[in-house]
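S.K.: Structure, please.
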Amino acid sequence: MSECWVLREGLKLALDRDLKGIRVVTDSLASVQLIQNDKLGNHDLSNIVFHCRSMLMMLGSEVHHLEESRSRPLNSWEVSRGEMDGGD
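M.R.: Numbering: from 1, shown residues only. Prediction:
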C-alpha cells in the first residue's frame, strides 16, 4: 500500500522542518486504520506503520481520514476559512 510510504515520507519532511502539532489527513482509510490499530501483528507494513506512529508522536499529531467528498486539493482561501474542518 503506497499510501503508507507516502505518509511516512511526509512525516519525515514535517520532522525535518520541525512542524509540530500539524493536522495530518489522508484519503486512505486503510492507512488510517493501520496506524490507529494497536493489534497490527505481522502485517507486511508493520515497520512502516510503527515508524509513522513514532513520528506522529514526536510531532504531537494524529492522522485523520479525509472523506472522499473532501478529497480534492484545497486552496489557501479554503484552508484559512476552515473548510477542511467543515467550518463556516
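
S.K.: show me where this structure has strands.
M.R.: In chain order, the chain shows strands spanning 24-26, 63-65, with DSSP state E as the criterion.

S.K.: What lies in contact with the last one?
M.R.: Think strand 63-65. Strand 63-65 is contacted from outside by 7, 23-29, 31-32, 35-36, 52, 56, using C-beta atoms under 8 Å, 6 or more residues apart in numbering. Quick note: C-beta positions are derived from backbone N, CA and C, even for glycine.

S.K.: among these, which ones are buried?
M.R.: Buried members of those, counted by 16 or more other C-beta atoms under 10 Å: 7, 24, 25, 26, 28, 31, 32, 35, 52, 56.

S.K.: Using CSV, list the CA coordinates for stretch 33-40.
M.R.: C-alpha atoms of stretch 33-40 as CSV (Å, rounded to 0.1, in the frame of the first residue of the first chain):
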residue,chain,number,x,y,z
GLN,A,33,-6.9,2.2,10.2
LEU,A,34,-3.5,0.5,10.2
ILE,A,35,-1.9,3.4,12.1
GLN,A,36,-4.7,3.5,14.7
ASN,A,37,-5.0,-0.3,15.2
ASP,A,38,-3.0,-1.5,18.2
LYS,A,39,-3.1,-5.1,17.1
LEU,A,40,-1.0,-4.9,13.9
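
S.K.: measure residue 66 to residue 24 for me?
M.R.: With distances defined as C-beta to C-beta, to the nearest Å, the gap from residue 66 to residue 24 amounts to 10 Å.

S.K.: Same question for residue 36.
M.R.: Distance, residue 36 to residue 24, using C-beta to C-beta: 12 Å.
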